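Colleague: quick one, fold the following:
(2 chains)
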Amino acid sequence: MSLSIRNKIFLIVLAVLVPLIALIHLFSGQIDISFTEFFNSLTAFDESDLNHVIIREIRIPRMLTALIAGAGLSIAGLLMQTLFNNPLAGPYVLGINSGASLFVAMALMTGIPFFTSDMGLVANALIGAFLFGLIIVSFSTVIRQQISLLLIGLMLGSFTSAIVSVLQSISGLQELKMFTIWSLGSLQKVTIEQIPLLFICFLLTLMGALLVVKPLNLLVLGASEAKLLGVRIKRVRLLIILITALITGVITAYCGPIAFVGLAVPNLIRIVMKTQNHRTLIIASALCGGLFLLLCDVIIQLMEESFVLPINAFTSLIGAPFVIILVLKRLK
Amino acid sequence: MKFAGIGILFLVLFVSCTNSKRKSNISSEDWGQVDIQYAQNFKLKQSGDLFLLEIIDPSTFKVQQIEIDPENTKRIISMTTTLNGMVCLLDQRSRIIGVSSRDFVYDEGILNQIKSGKTKEYGFDAAQMSVEKIAKGKPNVILYDIITKDFPNKDKLERLGISMIPIYDWRETHPLAKAEWIKVVGALTGNFDKACKIFTEIESNYNALKGEMENTSAKPKVMVGNMIGDIWYSPSGENYFAILIKDACGDYVYSETTGTLSLNLSLEKILKDNQETEYWINPGVAYKSTILLSNPHLIHLKAFENNTYCYSGNMNKFWEQSASRPDYVLKDLIHVFHADRNPDYNFHYYSKIKE
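Modeller: Below you'll find the model as predicted:
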């Protein structure tokens, strides 16, 4: 299916904007860094030069994290919305991030040695996310109906929220604050050494999503119709859930839960591009999601001189009104 | 008729038992002003054994007056670690019938009281305290330090005859102002003169130490705090800790900032401003590995490798005692920044953080 001219232009614009905003992101921040210094830090890195260290250890990882997290969550959100045929589904409906939250809450608020060991919050979050991913994948092999799986994911989320609430109610102020700060998300914790892992997970997500483009295009008609047209629903659903669990789990582990990107961006792309071709939607969602998170983070960096705003607060500030408009539009 | 008479008698007895406080008939002219030199958030007046405590809310400047009769303050629930330390300094720990949690207690005497059941634990936070459990403990006084809104269920507790005393020592802006709250504890426990004597001694020690350092030219650069999430929290230039650093002849990096609360700073700003900073105080953790787990980029701080000091060796000891003993804290900081003065100095609270 060929792209309309309008959609081609839109994709080209996105493809141009992403590296442009990424470049602006690299040069935003409290320390003024020249282009020459930037170039030198890449070609002749001097670890005694603070600016080189900041570029390599802080700005580049932060920019790449924003790009990968935005793109990955948007793809995951698109997959969930198609699978459940619900535009309000997002990457967190399966409760993956709840698993990460639970294990982080245990690490911060209980004295249980397993959680409070030297593993660190990232490891705790990874274990929690993958454990819950495994639970969802197990359920998906025995449950036929999409809505039932969605319900289980939501209930898992509620269940873990309840446990986290109990932990919060018996915690001290400092632990509460640390957990709240974690749940506000952060693009700054990822080191340059951890970027390859994030990138590999994103690549696997992208490749996996592109592999199921045809079934996704048919799933838009509904599960029963797709099945009649030869789609192996169970297998496709399993692959979609695996992809979503992987990218959502890894991003939540490294960045904390990042709200609204996965929910808002795929919907925005559908509205703008007016297509159900998932090859286009996947690529556009990835580009737009990365761009959205980069833009949010650039604004946060520019404000850091006055105060530091968490990424989640910002994506929610912009994403929430968008979702409201979307719901109102659907009601009409 | 017989039963009505018994009922009335019972009611009278009940009311008289629950209202057994000595009522003062002291007029406003009979209260003598107590000299408070440093503290801004309370005033004290005295008439014989009785005291009139005026707590000043530093945010709203509202004044709460509380009459204190040491005969009626024998059962204290103290939700504030710093005042526990002052109570222990006055050797009045037997009056403490409740604390927040043993996890925040350092004093052996109070810990033994908790073990024996004489002192109960009421929860990490005021919001977790059960009104019924408090009522069962029959306290006369609850000491608390609420950061935002007022104490939950305050009205109900006051109706039970409990004096609710907010403690704002944590909002004092001078180390000696914090220590001066020992006079409040002295008034509460009938040890006012002893409290004044102890405070005078602490003040004298503090000023002597400060005086010794006045001619010291070397002032190493000092940073304070740590990252929580993406934000570095550090005291403002007018905060009591900044004053301690100054008096210890350290050059606090953010000494020129105004205000008394925390600064919220970004990672880049911290890295930019502290390239040459020699000492890092109060990261709030005991191990370098913990710092790096929370944010690996902090390895680039010059002070991280060899000069990071914290009270993390025993946090409860620091939080319980440091407010009442600013002279000890000052002495520790002097020997952190100027180790050559006495290489064999035994620190009260501080030590280098471990690997």
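Colleague: which one is the residue nearest the centre of chain A nearest to, not counting chain neighbours?
Modeller: Geometric centre of chain A, nearest residue: residue A:73, 2.9 Å, by C-alpha atoms, centre = their mean. Leaving aside its sequence neighbours, residue A:73 sits nearest to residue A:262 (C-beta to C-beta, 6 or more residues apart in numbering or on different chains; 3.9 Å). Every residue, glycine included, has its C-beta placed from N, CA and C.
Colleague: so for the helix or strand where the one you found lies, what gets flagged as buried?
Modeller: Following DSSP states H and E, one finds residue A:262 within helix A:261-273. Judged by neighbour count (16 or more other C-beta atoms under 10 Å in any protein chain shown), helix A:261-273 contains these buried residues: A:261-270, A:273.
Colleague: pick the one among the residues you listed closest to residue A:296.
Modeller: Closest to residue A:296 out of the buried residues of helix A:261-273 is residue A:261 (8.6 Å), distances taken as C-beta to C-beta.
Colleague: show me what contacts the residue nearest to residue B:213 when sequence neighbours are not counted?
Modeller: Residue nearest to residue B:213 in three dimensions, not counting chain neighbours: residue B:249, with 4.6 Å by C-beta to C-beta, 6+ apart. By C-beta atoms under 8 Å, 6 or more residues apart in numbering or on different chains, the contact list for residue B:249 reads B:213, B:216, B:218-219, B:334, B:337-338.
Colleague: could you redo the last one with a cut-off of 7 Å?
Modeller: B:213, B:216, B:219, B:337-338 (C-beta atoms under 7 Å, 6 or more residues apart in numbering or on different chains).
Colleague: pipe those residues into CSV and attach neighbour count, pLDDT and secondary structure per row.
Modeller: Putting these into CSV (neighbours: other C-beta atoms under 10 Å in any protein chain shown; pLDDT from 0 to 100; DSSP: H, G, I helix; E, B strand; the rest coil) gives the following:
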residue, neighbour count, pLDDT, secondary structure
B:213, 19, 95, helix
B:216, 13, 91, coil
B:219, 16, 95, coil
B:337, 25, 96, helix
B:338, 18, 95, coil
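Colleague: and which of those residues is nearest to residue A:173?
Modeller: residue B:337 (30.1 Å).
Colleague: the closest one against residue B:280, yeah?
Modeller: No. Using C-beta atoms under 7 Å, residue B:337 is not in contact with residue B:280; the gap is 11.9 Å.
Colleague: mind checking the SS state of residue A:259?
Modeller: Here residue A:259 is recorded as coil under DSSP: H, G, I helix; E, B strand; the rest coil.
Colleague: so how far is residue B:285 from it?
Modeller: 29 Å (C-beta to C-beta, to the nearest Å).
Colleague: excluding its backbone neighbours, what's nearest the residue of chain A found nearest chain B?
Modeller: Chain A approaches chain B most closely through residue A:181 (3.3 Å), counting by C-beta to the nearest C-beta. Distance criterion C-beta to C-beta, 6+ apart; nearest residue to residue A:181, sequence neighbours excluded, is residue B:229 at 3.3 Å.
Colleague: setting aside sequence neighbours, what's the nearest residue to residue 77?
Modeller: This is for chain A. With sequence-adjacent residues excluded and distances taken as C-beta to C-beta, 6+ apart, residue A:77 is closest to residue A:262, at 3.1 Å.
Colleague: think we crossed wires, I meant chain B
Modeller: residue B:98 (3.4 Å).
Colleague: pop out the phi and psi values for residue B:45.
Modeller: In terms of degrees, to the nearest 10, the main-chain angles of residue B:45 are phi -130, psi 150.
Colleague: contacts only, for it.
Modeller: B:31-34, B:51-52.
Colleague: out of these, who's the most crowded?
Modeller: residue B:51 (23 neighbours; other C-beta atoms under 10 Å in any protein chain shown).
Colleague: helix/strand/coil for that residue?
Modeller: Going by three-state DSSP: residue B:51 is strand.
Colleague: related to what we said a few turns ago, does anything pack onto the helix or strand containing the residue nearest to the centre of chain A? Which helices or strands?
Modeller: Residue A:73 is part of helix A:60-83, with elements assigned from DSSP H and E. When contacts are defined as 3 or more C-beta pairs under 7 Å, 6 or more residues apart in numbering or on different chains; DSSP states H and E, helix A:60-83 packs onto helix A:5-26, helix A:195-211, helix A:213-219, helix A:233-255, helix A:261-273, helix A:278-303.
Colleague: could I get the ones you listed as TSV with distance to residue B:322 and mean pLDDT?
Modeller: Formatted as TSV, these follow (distance: least, C-beta to C-beta, whole Å; pLDDT from 0 to 100):
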stretch	distance to residue B:322	mean pLDDT
helix A:5-26	43	95
helix A:195-211	42	95
helix A:213-219	61	92
helix A:233-255	36	90
helix A:261-273	44	90
helix A:278-303	35	94
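Colleague: which phi and psi does the residue most central in space within chain B have?
Modeller: Closest to where the C-alpha atoms of chain B average out (C-alpha atoms, centre = their mean) is residue B:82, at 3.1 Å. Taking degrees, to the nearest 10, you get phi -70, psi -40 for the backbone angles of residue B:82.
Colleague: mind checking pLDDT for it?
Modeller: Predicted confidence (pLDDT) for residue B:82: 94.
Colleague: for chain A, see how far away the nearest residue to it once chain neighbours are set aside is.
Modeller: Closest residue to residue B:82 apart from its sequence neighbours, by C-beta to C-beta, 6+ apart: residue B:323 at 3.9 Å. As for residue B:323, its distance to chain A is 17 Å (criterion: C-beta to the nearest C-beta, to the nearest Å).
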